[in-house]
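Novice: Would you be able to build a 3D model of this:
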Amino acid sequence: MKKNQNKNLLLGVFVVVGVILFTLAIYFIGNEENIFGNNRELKAVFSQVSGLQTGNNVRFAGVTVGTVSGIEIISDTAILVDMSIDSETFRLIRKNSIAAVNSDGLVGSMIVDILPGEDGRVVPVKSGDTIQTLNSTSTTEMLSTLSTTNQNAAQLTEDLLKITNAIIEGEGVLGELLKDREMANDLKQSMANLENSSRAAFSTISRFNALIAEVDLDESMMGVLLKDTASAQKITGIIDNLEASSKELSSITTNLNEFSRDLKDGEGALNYLTQDTTLVKDLNSTIQNMEAAGENFNDVMEAIKHSFLFRGYFRKLERQRLLEAQENKTGKE
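Specialist: Down below sits the predicted model:
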């Protein structure tokens, strides 16, 4: 009898403990899944959900705020997802929020991420509203893209290997540069010449800078030429005048050449005088005769001076000349 009582007591304790554990389990599971909370309904339409299931978490700004309560296929390009959102967080979701299906980690289960809108002035959503969606890239598409990328990388590696082998074997310009010692030496010599030229240019520039530094730009002629606009205008005028004079000299030279040509080839008096030797001889003879006549005239005048008829007159002229010469001498003193 006493033995049966102990068994009944142990059975009752076991049942009570089991009920308590079951109740706690139901409470924690319901709390995690928002079964006992005051939830609101929110909807979103996706073109594909990529393995999303009922009961998966819903996150708002990275925080779990609800679960997926239902998934309904509307058409081949539209899938309606019902979300059960905690009422405390529901009032923070606005109509410009965007829902997206993402993976919880690299290989985790799928979740629904609700991204807050940028404009905080938009009114909050109401229970049963449908928000906008952002179709994310599925794992299959990512794997396909990754496979294509791997194939392209492999092809690129193969091509680079071919190019490297060709260069090592001395093919092409790069191969010749790597294999041809003479070309390498020429390239080194060219670089050395370029370096020497650069040094010479630097030295020339340094000397030129030193020369400019020695020039007094305020008082020297160079400074006047560089700064004084009036002097620059005068120099410009002088150059213009020289150019005009050069044109005039050229014109005068042309005229002289034409005059000389006409004088040589023409039929005028000058050409006649310069070309006719007989006329020249006659002119010389005439001039000699005139000189002889002049000498005879002087002899006649000398004889007239000594004749008794004109002697007094010439003496009077001589005395008058002497008197004028003395007066001029006195006036100068």
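Novice: separation between Asn209 and Ser198?
Specialist: Per C-beta to C-beta, to the nearest Å, Asn209 is found 16 Å from Ser198. From N, CA and C alone the C-beta is placed, and that goes for glycine too.
Novice: er, Ala292 I mean
Specialist: 91 Å.
Novice: Check Asn135 too.
Specialist: 60 Å.
Novice: do the same with Leu115
Specialist: 59 Å.
Novice: the more surrounded of the two?
Specialist: Leu115 (17 against 10; other C-beta atoms under 10 Å).
Novice: which non-adjacent residue is nearest the more buried one?
Specialist: Ile98 (4.7 Å; C-beta to C-beta, 6 or more residues apart in numbering).
Novice: Specify the beta-bridge partners of the closest residue to Asn56 other than its chain neighbours.
Specialist: Setting aside the residues directly before and after it, Asn56 is nearest to Val68 in space (C-beta to C-beta, 6+ apart), at 4.7 Å. With DSSP bridges applied, Val68 shows beta-bridge pairing to Met83.
Novice: likewise Ile131?
Specialist: With DSSP bridges as the rule, Ile131 is bridged to Ala44.
Novice: What is the neighbour count of it?
Specialist: By the criterion of other C-beta under 10 Å, Ile131 has 20 neighbours.
Novice: just use 14 as the starting number from now, easier for me
Specialist: With the count now opening at 14, the last piece we talked about shows up as Ile144.
Novice: so it sits right up against Gly130, yeah?
Specialist: No: counting by C-beta atoms under 8 Å, Ile144 does not reach Gly130; the two are 9.3 Å apart.
Novice: Please identify every residue contacting each of the two.
Specialist: Here Ile144 and Gly130 share the contacting residues Lys108, Ser110, Ile111, scored by C-beta atoms under 8 Å, 6 or more residues apart in numbering.
Novice: Which of those are buried, as a PyMOL select command?
Specialist: Command for PyMOL, covering only those of the shared contacts of Ile144 and Gly130 found buried under the criterion 16 or more other C-beta atoms under 10 Å:
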select buried, resi 110
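Novice: from the shared contacts of Ile144 and Gly130, which ones fall inside helices?
Specialist: Among the shared contacts of Ile144 and Gly130, none falls in helices (DSSP state H).
Novice: Switch the shared contacts of Ile144 and Gly130 over to TSV; also include distance to Asn163.
Specialist: TSV is the format used below for those (distance: C-beta to C-beta, whole Å):
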residue	distance to Asn163
Lys108	42
Ser110	37
Ile111	32
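Novice: so which of the shared contacts of Ile144 and Gly130 comes closest to Leu330?
Specialist: Ranked by distance to Leu330 (C-beta to C-beta), the shared contacts of Ile144 and Gly130 are led by Ile111 at 141.4 Å.
Novice: Look up the residues forming beta bridges with the closest one.
Specialist: Under the criterion used (DSSP bridges), Ile111 bridges to Leu128, Gln145.
Novice: separation between it and Thr143?
Specialist: Relative to Thr143, and taking C-beta to C-beta, Ile111 is found at 12 Å.
Novice: repeat for Val30
Specialist: Taken as C-beta to C-beta, the span from Val30 to Thr143 is 47 Å.
Novice: Neighbour count for the two, which is higher?
Specialist: Between Val30 and Thr143, Thr143 has the larger neighbour count (other C-beta under 10 Å), namely 14 against 10.
Novice: How many residues are close by the nearest residue to the more buried one once chain neighbours are set aside?
Specialist: Leaving out its chain neighbours, the residue that sits closest to Thr143 by C-beta to C-beta, 6+ apart is Lys56, at 4.4 Å. A total of 18 residues lie near Lys56 under the criterion other C-beta under 10 Å.
Novice: is it true that Lys56 touches Ile92?
Specialist: No: with contact defined as C-beta under 8 Å, Lys56 does not reach Ile92; the gap is 11.1 Å.
Novice: Check the average confidence over stretch 300-308, would you?
Specialist: Stretch 300-308 shows a mean pLDDT of 74.
Novice: what secondary structure does Asn115 sit in?
Specialist: Using DSSP: H, G, I helix; E, B strand; the rest coil, the structure places Asn115 in strand.
Novice: For the longest helix belonging to the chain, buried residues please.
Specialist: Ordering each helix of the chain by length in residues (DSSP H) puts helix 242-278 first. By neighbour count on 16+ other C-beta under 10 Å, the buried set for helix 242-278 is empty.
Novice: just stretch 70-81 next, same as before
Specialist: Neighbour counts over stretch 70-81 (16+ other C-beta under 10 Å) mark Asn70, Val71, Arg72, Phe73, Val78, Gly79, Thr80, Val81 as buried.
Novice: Check those residues and tell me the two furthest apart.
Specialist: Between any two of those, the greatest separation by C-beta to C-beta is 13.5 Å, found for Phe73 and Val81.
Novice: Contact partners for the closest residue to Ala74 other than its chain neighbours?
Specialist: Take Ala74 and drop its neighbours on the chain: the residue closest to it by C-beta to C-beta, 6+ apart is Pro129, 5.6 Å away. Pro129 is in contact with Phe73, Ala74, Leu105, Ile106, Arg107, Ser110, counting by C-beta under 8 Å, 6+ apart.
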